[in-house]
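In: Based on what follows, work out the 3D shape:
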Amino acid sequence: MSTDAFTNCRYGPESEQTHEFAGIANYNESVYVNFVDPVTQLGGLIRIGNRPTLGYREASVQLTLPGGAIAFRAGREASESNDGFASQGLEIVVKDPTRTVEIGYRNTVARIATPSLLADRGRIALKNAPAEECEISLTFEASVPLFVTTDDDGDCTPGSSTIASDHYEQFGHISGTVRVGDRCWTVRNVSAFRDHSWGPREWASYTGEWLAAWLADGTAITAYGEFEPSGERASGGVVITPDGAFHPITEYTVITDYAGEPAYAGRHVGIVRADGLPLLLLDGTIRHFVPVTQRTEDRGLRMGQMTVDFAGGAAGWGVAEFLRPISRS
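Out: Numbers count the residues shown, from 1 in each chain. Below is the predicted model of the structure:
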């Protein structure tokens, strides 16, 4: 275990633990990891969220498979605890704070050939999809220090949404094995991203886009664009250049007509302006598009999650989300 904290923000090794939640009615503490292998086209979005004051914890495993299908499992279990991150066969453990995280999973997943069915008929799609045994054993190794995206105050998003009052992120690489049914993949030093958030969370309060991207020259990008109730747009995030320098994002614009539909046939086109850098145009083909729905008592949110291959001068790959309000029904 390393003795020096690998961080350039106020969060350090002690922040990798869970936190006090008393008195916060909609408390969420979650850890999230994603990865993309541009060669095999295998990817993953893996998350555990503790909601102790709401009486449950939730876990999701989404593997994007070669050819466009996904392997998926998501669910909740009763819990009023905020001890660790483990649920339904998934466990995410920090082995070396600020540097190394291990991800393990052993349970079933549903193989879904047409992810758009998850939008409005998710339960039926999951029930009718073939179930396959799945084993995941991955290790995340950090390549950049922990960082924040909003002036070191820890707020997750650039606007007024309620997603997390404390939040940090980190880019790195993942190695290990993934098995779905009788197919097994070994990944070595694949591009990866993780975050850790805690505080009040209202999923449906965020309308906008998010991106984690890796360019072929070694540049890493995490970008947030949020539409405020006033109609104004707030942007945040950072561009990390190959020399390790952090460049705050001043503007992130996504050109899209997506409005929350189950499917999206367009491209992912984003424009990033960051301090000290020329304008970045990220024009990409969407390889997987997975519509995930979040609902509260009075609001609904469609989260279009996707893997993207970028072309042109900013060649690379990424994981992106479009978040749009939808009808509660």
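
In: Quick check: which ranges of the chain have low pLDDT?
Out: Applying pLDDT under 70 to the chain flags the ranges 1-2, 152-153, 297-298, 328-329.

In: out of all of them, which strand in it is the longest?
Out: Determined from DSSP state E, the single longest strand within the chain is strand 183-200.

In: what's the following helix or strand after it?
Out: strand 208-215 (DSSP states H and E).

In: Which residue ranges of the stretch 101-250 of the chain form helices?
Out: 118-128 (DSSP state H, counting those that start in this stretch).

In: Return the list of helices and strands in contact with the longest strand of the chain.
Out: Packing partners of strand 183-200 (3 or more C-beta pairs under 8 Å, 6 or more residues apart in numbering; DSSP states H and E): strand 27-36, strand 131-142, strand 166-180. (C-beta placed from N, C-alpha, C; glycine too.)

In: most tightly surrounded among those strands?
Out: strand 27-36 (a mean of 23; mean count of other C-beta atoms under 10 Å).

In: now it, how far from the centre of its chain.
Out: Distance of strand 27-36 from the chain centroid (C-alpha atoms, centre = their mean, to the nearest Å) equals 6 Å.

In: same deal with stretch 314-324?
Out: 10 Å.

In: Tell me the buried residues in it?
Out: Judged by neighbour count (16 or more other C-beta atoms under 10 Å), stretch 314-324 contains these buried residues: 314, 316, 317, 318, 319, 320, 321, 322, 323, 324.

In: Now for residue 327, how many residues are close by?
Out: 9 (other C-beta atoms under 10 Å).

In: Isn't it up against residue 300?
Out: Yes. Using C-beta atoms under 8 Å, residue 327 is in contact with residue 300, at 6.0 Å.

In: any idea how far residue 8 is from residue 245?
Out: Noted for residue 245: a distance of 11 Å to residue 8, by C-beta to C-beta, to the nearest Å.

In: ditto for residue 257
Out: Taking C-beta to C-beta, one finds residue 257 at 37 Å from residue 8.

In: How about residue 274?
Out: In terms of C-beta to C-beta, residue 274 sits 16 Å off from residue 8.

In: Compare neighbour counts for these two and give me the winner.
Out: Higher neighbour count among residue 274 and residue 8: residue 274, with 23 against 14, using other C-beta under 10 Å.

In: surely the more buried one meets residue 236?
Out: No. Here residue 274 does not reach residue 236: they are 10.7 Å apart, not a contact under C-beta under 8 Å.

In: What sits closest to residue 300 if chain neighbours are left out?
Out: Taking C-beta to C-beta, 6 or more residues apart in numbering, and ignoring the residues beside it in sequence, residue 300 has residue 326 as its nearest neighbour in space, at 4.4 Å.
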